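Engineer: got a predicted structure here, sequence first:
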Amino acid sequence: MSIVELGRFMDDLADASGKAILPFFRAQFGLDDKARGGAPFDPVTEADRAAEVVLRAMIGQTFPGYGILGEEFGAERLDAEYVWVLDPIDGTRAFIAGLPTWGTLIGLTRNGVPVRGLMHQPYLGERFTGDGRHARLRGPAGERTLRTRRCADLGQAILATTDPRLFAEGEEAERFRALEGQVRMSRYGADCYAYCMLAAGQIDLVVEAGLKPYDIVALIPIVEGAGGRVTAWDGGSAANGGRIVAAGDPRLHEAALKVLNP
């Protein structure tokens with residue numbers, strides 16, 4: 001399959017998952033807590049499951065030899081050269097609350113390295129794509145190239161994280177608070193949308209902890225394709241999730257790592 005055909009197939013995946021999800025958004029639907037009453041609340045909805053079923057079926061028919069890692073239905077053939085990494089609704093809490101800051105994440109790795117990524121927000125009609133070298137946004141206003149903005153100084157930066165309470169109390173939370181104390185402004189609750197706004201030059205820094213591969217793999221080629229950097233807090237690969245820092249400017253990324261690794 002050519003690069004163009006792969007892009008069309010990913011668009012087909014986004015279209016199909018959007019059709020499965022949208023009937024549930026701002027409507028009544030079934031909801032479970034994967035934490036089984038523990039903390040933190042880990043919701044999954046009928047929409048999450050319906051979309052992943054569709055995605056897996058399409059991938060299995062078109063790429064039967066590829067692996068799949070999805071949030072709701074686990075892993076298949078992770079030893080394959082190519083593995084699809086899926087999060088049908090990243091930002092389920094926002095979805096439950098009727099807020100449009102969730103998205104469907106569709107990523108592709110080759111030998112463990114993220115090589116293609118797509119974030120689809122079907123309610124807003126926005127689609128962010130990247131291959132690590134280029135990144136694009138298609139939406140109601142048309143199509144454009146994504147570029148991160150230049151910002152080398154923490155004191156001028158806008159930082160985003162999903163929820164500061166998700167950092168483990170102790171050293172992890174202290175490191176985050178130390179970094180947050182140096183930035184101009186911070187925003188909470190945007191999940192995958194924050195990374196896309198970083199790629200679009202609206203946000204400068206995203207810092208997270210406790211991520212799974214399906215939370216981040218699709219976003220890495222988008223951010224890096226727009227000129228940003230995404231790593232673990234120790235500077236290593238972010239592909240396995242965990243503690244993540246993404247920055248639009250490599251100089252800001254370096255400055256953030258110094259605070260997160262005193």
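Structural biologist: Alright, I've got the coordinates. If you're wondering where the values come from, they're calculated on a predicted model, not measured in any experiment.
Engineer: Lys258 should be in a helix, yeah?
Structural biologist: Yes. Per DSSP: H, G, I helix; E, B strand; the rest coil, Lys258 lies within a helix segment.
Engineer: list the contacts for it?
Structural biologist: Contact analysis of Lys258 by Cβ atoms under 8 Å, 6 or more residues apart in numbering lists nothing. From N, CA and C alone the C-beta is placed, and that goes for glycine too.
Engineer: check it and give its pLDDT.
Structural biologist: In this model, Lys258 is scored at 97, pLDDT.
Engineer: same check, this time on Ala35
Structural biologist: In this model, Ala35 is scored at 56, pLDDT.
Engineer: kindly report the same for the one 10 residues further on.
Structural biologist: Here, the pLDDT recorded for Thr45 equals 82.
Engineer: for it, phi and psi?
Structural biologist: phi -120, psi 170 (degrees, to the nearest 10).
Engineer: please pull out the lowest mean pLDDT helix or strand from the chain.
Structural biologist: Least confident helix or strand, the chain: strand 31-33 with a mean of 63, by mean pLDDT, DSSP states H and E.
Engineer: ok, Leu86 - contacts?
Structural biologist: 52, 55-56, 68-71, 105-107, 214.
Engineer: just Pro140 next, same as before
Structural biologist: With Cβ under 8 Å, 6+ apart, Pro140 has these contacts: 124-126.
Engineer: right, and Tyr193 touches Gly103 too?
Structural biologist: Yes. Using Cβ atoms under 8 Å, Tyr193 makes contact with Gly103 at a distance of 6.2 Å.
Engineer: restricted to strands, list the contacts of Pro140.
Structural biologist: Residues of these located in strands (DSSP state E): Glu126.
Engineer: what's the closest of the contacts of Pro140 to Tyr82?
Structural biologist: Glu126 (26.1 Å; Cβ to Cβ).
Engineer: could you find the closest non-adjacent residue to that closest one?
Structural biologist: Leaving aside its chain neighbours, Glu126 sits nearest to Gly139 (4.1 Å; criterion: Cβ to Cβ, 6 or more residues apart in numbering).
Engineer: in contact with that neighbour, which residues?
Structural biologist: Applying Cβ under 8 Å, 6+ apart, one finds that Gly139 lies in contact with 124-127.
Engineer: Met58 too?
Structural biologist: Neighbouring residues of Met58 by Cβ under 8 Å, 6+ apart: 12-13, 16.
Engineer: circling back: narrow the contacts of Leu86 to those in helices?
Structural biologist: If you go by DSSP state H, those have 52, 55-56, 214 in helices.
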